[in-house]
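[1] Give me the fold of what follows.
(chains A and B)
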2 protein chains.
Amino acid sequence: MRRKVYVEGSRPELQVPFTELELTDDSTFRLYDTSGPGSDPSVGLPPLRSGWSQGRTQLGFARAGVVTPEMEFAAVREGVSPSLVRDEIAAGRAVLPANKNHPESEPMVIGSRFLVKVNANIGTSAVTSSVAEEVDKMTWATRWGADTVMDLSTGPRIHETREAIIRNSPVPIGTVPLYQALEKVNGDPEKLSFSLFRDTVLEQAEQGVDYMTIHAGVLLPYVPLTTDRVTGIVSRGGSIMAAWCLAHHEENFLYTNFAELCRIFAEYDITFSLGDGLRPGSIADANDEAQFAELRTLGELTHIAWEHDVQVMVEGPGHVPMHKIKENVDLQVALCGGAPFYTLGPLTTDIAPAYDHITSAIGAAMIGMFGTAMLCYVTPKEHLGLPNRDDVKAGMIAYKIAAHAADLAKGHPGAQAWDDALSKARFEFRWEDQFELALDPVTARAYHDETLPAAPAKTA
Amino acid sequence: MRRKVYVEGSRPELQVPFTELELTDDSTFRLYDTSGPGSDPSVGLPPLRSGWSQGRTQLGFARAGVVTPEMEFAAVREGVSPSLVRDEIAAGRAVLPANKNHPESEPMVIGSRFLVKVNANIGTSAVTSSVAEEVDKMTWATRWGADTVMDLSTGPRIHETREAIIRNSPVPIGTVPLYQALEKVNGDPEKLSFSLFRDTVLEQAEQGVDYMTIHAGVLLPYVPLTTDRVTGIVSRGGSIMAAWCLAHHEENFLYTNFAELCRIFAEYDITFSLGDGLRPGSIADANDEAQFAELRTLGELTHIAWEHDVQVMVEGPGHVPMHKIKENVDLQVALCGGAPFYTLGPLTTDIAPAYDHITSAIGAAMIGMFGTAMLCYVTPKEHLGLPNRDDVKAGMIAYKIAAHAADLAKGHPGAQAWDDALSKARFEFRWEDQFELALDPVTARAYHDETLPAAPAKTA
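    Next comes the predicted model:
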């Protein structure tokens, strides 16, 4: 049996959720819980953090030596001391994405000293899906352990979709404001301007977006570095900014106006997710000069954001063969001063469309072991279409596996207790406990019952 | 479009199969092909190797400097020189499993210098499936790239099932003779004897089994080393031999009679697969003294087999967290003189029953990168039930991904050409070529058509 329990922090309003499993040997086991209290989509979630940190960013507070309620909440979830959360944020090695206008979110922390996190991408497109479907996908993703969700909607209902997702989301929400800015100029990158972009950022900031991908590292001189690639520029944001740079023969307006973005981000405590617009889109293009030139610029921007007390994560690839993965982490840590790395996979081979949740879970587990703080999931539909509900679940499960395998390899305190509890149940033929402890109890039980449906087989 | 083509070796009877893809840009691409010429199950395959190597084992020939037809066949498949195959076999670093009584098999080579191979386990049990179903699973597994197949049948029709599988199999077949021996004593390990075991080996040798798992490393003094484990002894063969040792207070009869087994194996050119009966069954038990004590004994036995000109592979774990994987390979290489390592996964976490093809694909890719020569697949049903046809495919796909990711990481000559061809097709929006080049064209096409079914979307 499973139920939600709350652990109280130093004050009564700090109620930190866990999933508690009651096992048949009279023991209990607690799991990290991202699913939130549950919402009626037409009403939204209650504003849990109403009246919490005000007037500074989490980075600002951490640097001032303050443990905020948000930091303590995240520390209880992680099973670590609040001062560790504060110190890692102060050093820039962790972020706590929490827009002051998204009080519904349950605070969490992203950094290499903490549990490896997983982000799920969702979003409407011009041709498929509805607002209600996307809210359902967000809820479904957090049900399966999504630590953050990115709303990558395109098409006409971007604002409305995002509003519905944020109001119902117990986890931080990320966006790529460039996608909406492009809609405003009817899809023509050349017509983009910083003023239009800034307005879009402000619109999303007001709604409560917790982190935003900003492709400020795609510089004009880097674009020619991609011409000899097998797959050129595959990042949508990267392509858009490259097209703008080439059309105007001017430097990327996100780079030239970065300080202005920092001022806006500081006001709302939005976290930068510095986009890797030149990430490799194939094994052939991994770790090339275009990719690493951009990474050097992302390092420069990281330090500028920190000067403004703004939190920063740095996005990473993409497609990378196993033997080239570690270099990505080592360089990112060195160039970006230890700011959390947030990687898409990487996919370790290009030969398996329809199974890129697996090609990339391999790379994700490894890059997590090397120090990546958050993994952006990849679903079976990668390269082929938009993920539906089943794909969201398949992607989440593959990535929770990768994240936990990385936690084990890093020796995260407490991580192995979960494996041990399940293995002990397995060895003692406590089938029901084995199912309950499984990442996906539903499927584990169903597979077992397919060959051995009789109840005695589960207790024998 | 795809078709089977044959490349002729130095003599007309050497016809080496490939899958050739005709792409829409008028290029062609060739894939390694394990599927065989196709058989009518009631007739079986033609005896391709009839009259090939006689009178010595492949190891014996290699040591005498002879390139056998089998070696040349395998070399053409791999795109390497026949002398490399001969030299690696002579050094014990590669095996070419080819029982003289299984002339239907298409020769292949297993060793760290060659493409990483994948084995698929199938087999009837007392409660489920038929002989025809198992032959179909074998064919299905080779269709998806299985390089060898192990028939792990239990229950009353072991002999008949194995006969049908071998006569129809274009790939080497492995078994665990102990399973059949145990059936002969009605499942009571105590009643086993070497003479009964030897008779079983001879019966299977006559049928044409190409490699056999022999649990000769489970020594009496090692059994107590498992008592403090979370999951004790999880290998079926390991449990049986441990039970026999404890019941008789005698040393493992497979160890004490190992030289006799070598003489039989030499006569048929059966390859040893030295079983790891004390492999860890959980993250908690990885790399412990029981496991490594057995590995030292397997090293000793490897050298004894080589004295008899008998080929050897060594089996490995199991359940191992990522940071402990490399130690397994390094120790195995050192203790077993470079004999090919053949590992089950390893699973990198215990928390995801129903997804152990993924938990283990992560470990399999990594251990392959470190030098494992063959990966034994794990299906989604691992720990839960027997794999059906869909599970066989899911396991095969996950493991072909792991094997190819390892080939890339090892810089296997030619491996990346496949990724490059697919990525180029992707970048040029040649959708049909992308599907054809995919590991699973059927599913890739279906996923694409789910969201973008119109034909123009595939050529745009």
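
[2] which ones are touching the residue nearest the centre of chain A?
    By C-alpha atoms, centre = their mean, chain A has its centre lying nearest to A:N119, at 2.9 Å. When contacts are counted by C-beta atoms under 8 Å, 6 or more residues apart in numbering or on different chains, A:N119 touches A:A146, A:D147, A:T148, A:V149, A:M150, A:G174, A:Y342, A:M374, A:L375, A:C376, A:Y377. Placement of C-beta: from N, CA and C, glycine included.

[3] The stretch 1-150 of chain A: helices as residue ranges?
    A:58-63, A:69-78, A:82-90, A:131-143 (DSSP state H, counting those that start in this stretch).

[4] List just the one of these that sits closest to B:D356.
    helix A:131-143 (21.7 Å; C-beta to C-beta).

[5] who are the neighbours of that closest one, in terms of helices and strands?
    strand A:117-122, strand A:148-151, helix A:158-168, helix A:389-409 (3 or more C-beta pairs under 8 Å, 6 or more residues apart in numbering or on different chains; DSSP states H and E).

[6] May I see the buried residues of that helix?
    A:V131, A:E133, A:E134, A:V135, A:D136, A:K137, A:M138, A:T139, A:W140, A:A141, A:T142 (16 or more other C-beta atoms under 10 Å in any protein chain shown).

[7] how about TSV for the helices of the stretch 1-150 of chain A, with distance to A:K184 and mean pLDDT added?
    Listed next are the helices of the stretch 1-150 of chain A as TSV, based on distance: least, C-beta to C-beta, whole Å; pLDDT from 0 to 100:
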stretch	distance to A:K184	mean pLDDT
helix A:58-63	31	98
helix A:69-78	33	98
helix A:82-90	34	98
helix A:131-143	19	94
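
[8] ok, back up a step: want to try a markdown table for the contacts of A:N119, with distance to B:A394 as columns?
    Below are the contacts of A:N119 laid out as a markdown table (distance: C-beta to C-beta, whole Å):
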| residue | distance to B:A394 |
| --- | --- |
| A:A146 | 24 |
| A:D147 | 27 |
| A:T148 | 29 |
| A:V149 | 27 |
| A:M150 | 28 |
| A:G174 | 31 |
| A:Y342 | 29 |
| A:M374 | 28 |
| A:L375 | 22 |
| A:C376 | 24 |
| A:Y377 | 19 |
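
[9] OK, contacts around the closest residue to A:N121 other than its chain neighbours?
    Spatial nearest neighbour of A:N121, excluding adjacent residues (C-beta to C-beta, 6 or more residues apart in numbering or on different chains): A:M150 at 4.8 Å. For A:M150, the contact set (C-beta under 8 Å, 6+ apart) comprises A:N119, A:A120, A:N121, A:I122, A:G123, A:I173, A:G174, A:T175, A:V176, A:T213, A:C376.

[10] Let me know the closest of those to chain B.
    A:G123 (13.1 Å; C-beta to the nearest C-beta).

[11] contacts for stretch A:133-141?
    With C-beta under 8 Å, 6+ apart, stretch A:133-141 has contacts from A:35-36, A:39, A:41, A:120, A:122-124, A:146, A:149, A:151, A:153, A:161, A:164-165, A:168-169, A:387, A:389, A:392-393, A:396.

[12] when you check chain B, which of those turn up near it?
    For chain B, no contacts are drawn from the contacts of stretch A:133-141 by C-beta under 8 Å from any C-beta of the partner chain.

[13] Spatially nearest residue to A:P387, not counting backbone neighbours?
    Per C-beta to C-beta, 6+ apart, closest to A:P387 is A:T379, 4.1 Å.

[14] meant to ask about A:E106
    Nearest one to A:E106, counting by C-beta to C-beta, 6+ apart, is A:P170 at 5.0 Å.

[15] and the one you found, which of the three is it?
    Under DSSP: H, G, I helix; E, B strand; the rest coil, A:P170 falls in the coil class.

[16] got a list of what it touches?
    A:T34, A:S35, A:G36, A:P37, A:L45, A:E104, A:S105, A:E106, A:T142.

[17] next one: the strand or helix carrying A:A444 to chain centre, how far?
    Taking DSSP states H and E as the definition, one finds A:A444 inside helix A:441-451. With C-alpha atoms, centre = their mean, to the nearest Å as the basis, helix A:441-451 stands 30 Å off its chain's centre.

[18] which of the residues in that helix are buried?
    Buried-residue list, helix A:441-451, by 16+ other C-beta under 10 Å: A:P441, A:T443, A:A444, A:R445, A:Y447, A:H448, A:D449, A:T451.

[19] low-confidence ranges in chain A?
    A:126-129, A:452-460 (pLDDT under 70).
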